[in-house]
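**Q** here is the input, now give the coordinates:
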Amino acid sequence: MAATALLQSITHPSEVFALLKYKFTVSDNVTKYQTLESVTANKGTPEYSHQMCYYFLNKTSRSFARVIQELHPELAHPVCVFYLTLRGLDTIEDDMTLDLAKKTPILRNFDKIMHQKGWTFKDNGPNEKDRILMVDFDVVIDEFLRLKESYRNVIADIAKRMGNGMADFCEGKQVLTIDDYNLYTHYVAGLVGIGLTGLFSVSGLEDASLTEDEFLPNEMGLFLQKVNIMKDYLEDLNDGRQFWPKEVWGKYVKKGEGIDALAKPENVDDALACLNELCVNAMELAPNCLEYMSKLREPSVIHFCAIPQVMAIASIALFFNNTTVFTKGGLKIRRGLAVKLIYEGTTFEGVKSVFRRYALDIARQNAKRVGTNPKDDSFMPMSIACSKVIKWIHIHDQKMGVKPQSGAFEFMYVVLMAILFGIVAVLASSYSKN
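**A** Numbering: from 1, shown residues only. Got it, this is the predicted structure:
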C-alpha cells in the first residue's frame, strides 16, 4: 500500500480504515501466477497454458485480475479466458501503428482465430502495452478450446460481434451522433456485459432468463464505457482520436473548430457545459444498471458486477463540472475511496447505498452551480437523472420491505431548492436583459 494513497485519504477516515483493512486482512494468494517464475509447468502442456493465462490476466489488468479469480470456481476460468480474448481484440484495435489492411481482417475474423491452435501475433508496435499477450496468444486459444462448448459458443459469438463492430469504426465510421456513441460503446463494452451474462447463465449460477433480453446487460457496459470516454478526453485527443459525440460537442465550439477547442482556457464555460451533458447521458443509465444487478443471486457475481459500477458512479460525481478533465486528464477517484467502494459493493444493499449517496452528492453539486454558467442547460436533466436513481431505490426498498433511508427526503429537499434557485436565476437573467 503506497503512502501516497494514505496521504490522499488522510481527511477521509473511512477511506484510511478501508486501506488499512485491505492491507492487513486481504491475502495475495487469490491472484495466482503473478510472475513468470511462478509458472512452473512445462511448455506445451495443458498446465502451462492454464498458468500462463493467469499470468497474462495479472499483467494486463490491475482492476479485474483479482475479482475474476474471486469468482465462483465454475465461472472464474471461463471469465478469465473471455477477458483475455477481448483484451486480445482490444490490443489489435487500439494499436495505431497497425495498417488497416492488416488490422481489420484480424478483427473481423477473431472468432475464427480463436479456433486456430498455435495462432500468435508479433506485429504490434513496440509501445503497445499488451503486446506480450499477443506474442503468446496461443495459450489463450488452447484454454478456450478446453472450455465447455456452451462457454465457447458465448465467447466466440461476442468476439465475432465485437470484432466486426470495431472494424467498422476503424474503417471510417465516426462517433458523430448520440446513436453512433451508443453503438460504439455497445461494441466495445455493451457486448462485454452481454457476454458475461451469457457465461453467468450457462454456468447455472444465474437464472437463464437473464439472457432473454440484451437491453440491461448492454446498459451495464455503456455506463462503464461512457465514464471511461469522459475520463480519456485528453488522452484520446493526443492520440488523434475522438469518442465524444459531435452531436454534443459541436454545440459548444465555434463553426469550423474541432473538439480540441474545449481544452482552451477561454472556452471553459462551453467545455463544462459539454462535459455536464455527457455526465447526464451516462447518469441516465444508472437505474437500468441497478435493475440488472437486482436480478443476480450468486454473491461472487454480484461483487464482480458491482465493483466497476460503484466506481463509475463515483467517477461521474468527480467529473461533473470539473475542469481537470480538460487540463490534466486521467482524473481518477482516490485509491482509498476505491478500496472503500470495493467493500461496499459486496452486497446489493451496499450497491444501492453507494448509488443513493452519489445521486445525492451529484444533486447537491448540481444545485450549487445553478446560474453560474449561461452555456449550460444540463441542470434540469441532471436533477431528473438523479431523482430517477433515488426513485428506483425507493421502489425496490418497498418491494423488499426495507425501511427507506432519510436520504430520499433530503434529496427531494435538494431538488426542490435547486429548482427554486433555477427559477430565480432565470427571472434575474430576464430582468437584467430588460
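**Q** residue 122: neighbouring residues, count only.
**A** 9 (other C-beta atoms under 10 Å). The C-beta positions use only the backbone N, C-alpha and C, and glycine is treated the same way.
**Q** which phi and psi values does it adopt?
**A** When quoted as degrees, to the nearest 10, the phi and psi of residue 122 stand at phi -120, psi 10.
**Q** quick one, what contacts it?
**A** 134-135 (C-beta atoms under 8 Å, 6 or more residues apart in numbering).
**Q** swap the cut-off to 7 Å and go again
**A** residue 135 (C-beta atoms under 7 Å, 6 or more residues apart in numbering).
**Q** and it, what's its pLDDT?
**A** Note for residue 122: predicted pLDDT of 96.
**Q** what's the burial count for the closest residue to residue 184 other than its chain neighbours?
**A** Distances taken as C-beta to C-beta, 6 or more residues apart in numbering put residue 175 closest to residue 184, at 5.3 Å, once the chain neighbours are dropped. Neighbour count for residue 175, taken as other C-beta under 10 Å: 23.
**Q** what secondary structure does residue 175 sit in?
**A** The local conformation at residue 175, judged by DSSP: H, G, I helix; E, B strand; the rest coil, is coil.
**Q** so it makes contact with residue 183?
**A** No - taking contacts as C-beta atoms under 7 Å, residue 175 lies outside contact range of residue 183: 8.4 Å.
**Q** mean confidence for stretch 205-223?
**A** 96.
**Q** all further residue positions should be reported with the first residue as 780.
**A** OK, 780 is where the count begins now, so the last one is stretch 984-1002.
**Q** and it, what's buried?
**A** Using 16 or more other C-beta atoms under 10 Å as the burial criterion, the residues of stretch 984-1002 that qualify are 984-985, 989-990, 993, 995-1002.
**Q** please give the element, helix or strand, for residue 998.
**A** Remark: residue 998 resides in helix 994-1010, with elements defined by DSSP states H and E.
**Q** ok now the helix or strand that that helix is followed by, how far from the chain's centre?
**A** As assigned by DSSP H and E, the chain's next helix or strand after helix 994-1010 is helix 1012-1017. The chain centre lies 17 Å from the centre of helix 1012-1017; the measure is C-alpha atoms, centre = their mean, to the nearest Å.
**Q** now stretch 1132-1151
**A** Relative to its chain's centre, stretch 1132-1151 lies at 21 Å (C-alpha atoms, centre = their mean).
**Q** repeat for stretch 968-977
**A** 12 Å.
**Q** what about residue 811, which SS state?
**A** Quick answer, by three-state DSSP: residue 811 is coil.
**Q** and it, how many neighbours?
**A** 17.
**Q** enumerate every residue touching it.
**A** 833, 848.
**Q** also residue 950?
**A** 879, 883.
**Q** check it and give its pLDDT.
**A** So residue 950 comes in at 94 (pLDDT).
**Q** the one 3 residues further on too?
**A** With respect to pLDDT, residue 953 has a value of 94.
**Q** the residue lying closest to residue 1107 once chain neighbours are set aside: neighbouring residues, count only.
**A** Nearest residue to residue 1107, sequence neighbours excluded (C-beta to C-beta, 6+ apart): residue 1013, at 7.4 Å. Residue 1013: 18 surrounding residues under other C-beta under 10 Å.
**Q** if we can go back for a sec, which pair in the buried residues of stretch 984-1002 spans the largest distance?
**A** Longest distance between any two of the buried residues of stretch 984-1002 is 24.2 Å, between 984 and 1001; criterion C-beta to C-beta.
**Q** ok so, going back, what comes into contact with the helix holding residue 998?
**A** Counting by C-beta under 7 Å, 6+ apart, 961, 964-965, 967-973, 976, 1022-1023, 1054, 1057, 1060-1061, 1064-1065, 1067-1068, 1070-1071, 1087-1088, 1091, 1094-1095, 1098, 1104, 1110 sit against helix 994-1010.
**Q** filter the residues you listed to the buried ones?
**A** Judged by 16+ other C-beta under 10 Å, buried ones among those: 961, 964-965, 967-973, 976, 1022-1023, 1054, 1057, 1060-1061, 1064-1065, 1067-1068, 1071, 1087-1088, 1091, 1094-1095, 1098, 1104, 1110.
**Q** now do the strands in the stretch 780-929 of the chain.
**A** Under the criterion DSSP state E, counting those that start in this stretch, the stretch 780-929 of the chain carries no strands.
**Q** residue contacts, the residue nearest to residue 963?
**A** Contacts of residue 954 by C-beta under 7 Å, 6+ apart are 960, 963, 1021-1022, 1024.
**Q** what is the nearest of the residues you listed to residue 893?
**A** residue 963 (22.9 Å).
**Q** what's stretch 932-946 in contact with?
**A** By C-beta under 7 Å, 6+ apart, stretch 932-946 touches 860-861, 864-865, 868, 872, 883, 886-887, 889-890, 893, 923, 966-967, 970, 973-974, 977-978, 981.
**Q** stretch 1042-1056 now?
**A** Residues contacting stretch 1042-1056 (C-beta under 7 Å, 6+ apart): 1009, 1013, 1016, 1027-1028, 1031-1032, 1040-1041, 1098-1100, 1102, 1104-1105, 1152, 1154-1155, 1157, 1161.
**Q** make a ChimeraX selection of the buried ones in these.
**A** Listed next is the ChimeraX selection for buried residues among these, using 16+ other C-beta under 10 Å:
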select :1009,1013,1016,1027,1028,1031,1032,1040,1041,1098,1099,1100,1104,1105,1152,1154,1155,1157,1161
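**Q** rewinding a little: how close does the residue nearest to residue 1107 sit to residue 949?
**A** 22 Å (C-beta to C-beta, to the nearest Å).
**Q** residue 886 too?
**A** Distance from residue 886 to residue 949, by C-beta to C-beta: 7 Å.
**Q** equivalent analysis for residue 1118, please.
**A** Residue 1118 is 37 Å from residue 949, by C-beta to C-beta.
**Q** try residue 963
**A** 11 Å.
**Q** and residue 1155, by the same measure?
**A** Taken as C-beta to C-beta, the span from residue 1155 to residue 949 is 34 Å.
**Q** do the same with residue 843
**A** For residue 843, the distance to residue 949 - C-beta to C-beta - is 24 Å.
**Q** for residue 1162, same thing?
**A** 39 Å.
**Q** which one's more surrounded, those two?
**A** For residue 1162 versus residue 949, neighbours defined as other C-beta under 10 Å are more numerous around residue 1162 (23 against 16).
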